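> One predicted model, sequence on top.
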Amino acid sequence: MTMPMFPDNDQIALIERSFPQLLSVTPSITEQFYQRLSADHPDIFRLFEDADAAGQQQKLLAAMTLLVTNLNQPTLIDSYFQALGERHQQYGVRDEMFTPFTETWLLVITACLDENNASIVSAAWRQLLNYVIGVMHYADVGKAQTASAPDNTADSVLSPHIADLLAQQQRLITQLSLSASREPAAQNLLADLAELRLVSSALQLALSDPQSP
């Protein structure tokens, strides 16, 4: 398998600019996604039938938010989505299911985007999701080559400490995203931001020094 290229800087900018718009839609972008997946690919949706719908939507939002907010840290993306790919295999997700997932996400977001640039933004998202799927297919995260990563960026294996920090970041980013999209003036947003900064700082330290406590 040829590893898809990481999005270039122009594509990253398009993705980052489009994400707040996608977070602001009603019903939520993740709710629309699972509704479409259920209608178009019921065989795949059966994997989620026993899961709490709101919880599943929040997990997808958290993963997408972590992805978009860390596009300048491809090593972190490699580590997180490699681990996520391994968990999906345990849940019974087969490789051929990733394409319908991607196409469904692209159909939903394209319908929510500004018509003037929907096609180029959708293409940027496709490039990113193809890259992520490539990472999730690999058994060894070290095989995932990140075109945009600096030459001195070392491959990293997700340690239990980093995995715990990532889980905290995922939870906090989800809370922040929901607050920002539903209640932009919410008072607890500042507290969420402060806690997120602390977790992100600890995450950066762990990534740069895996031996740190």
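Perfect, thanks for sending it.
> CA only for contacts and neighbour counts going forward, please
OK.
> Would you mind splitting the chain into its domains for me?
9-150, 159-213 (automatic domain parsing).
> By mean pLDDT, show me the worst of these.
Mean pLDDT across the domains of the chain is lowest at domain 159-213; the value there is a mean of 58.
> got the residue ranges for the helices in the protein?
For the chain, applying DSSP state H gives helices covering 9-23, 29-40, 42-45, 53-69, 74-91, 98-112, 118-137, 160-182, 188-208.
> Please name every helix or strand in contact with the fifth one.
Right, the one you point to is helix 74-91. helix 118-137 (3 or more CA pairs under 8 Å, 6 or more residues apart in numbering; DSSP states H and E).
> Now do the helix it packs on: everything it contacts.
For helix 118-137, the surrounding residues in contact (CA atoms under 8 Å, 6 or more residues apart in numbering) are 3-7, 11-12, 14-15, 18, 78, 81-86, 95, 98, 102, 106, 109-110, 141, 144.
> now it against helix 9-23, angle please.
Following axes from the mean of the first three to the mean of the last three CA atoms, to 10 degrees, one obtains 100 degrees for the angle between helix 118-137 and helix 9-23.
> got the angle for helix 118-137 vs helix 53-69?
Calculated by the same axes, to 10 degrees, helix 118-137 forms an angle of 100 degrees with helix 53-69.
> Alright, calling it a day.
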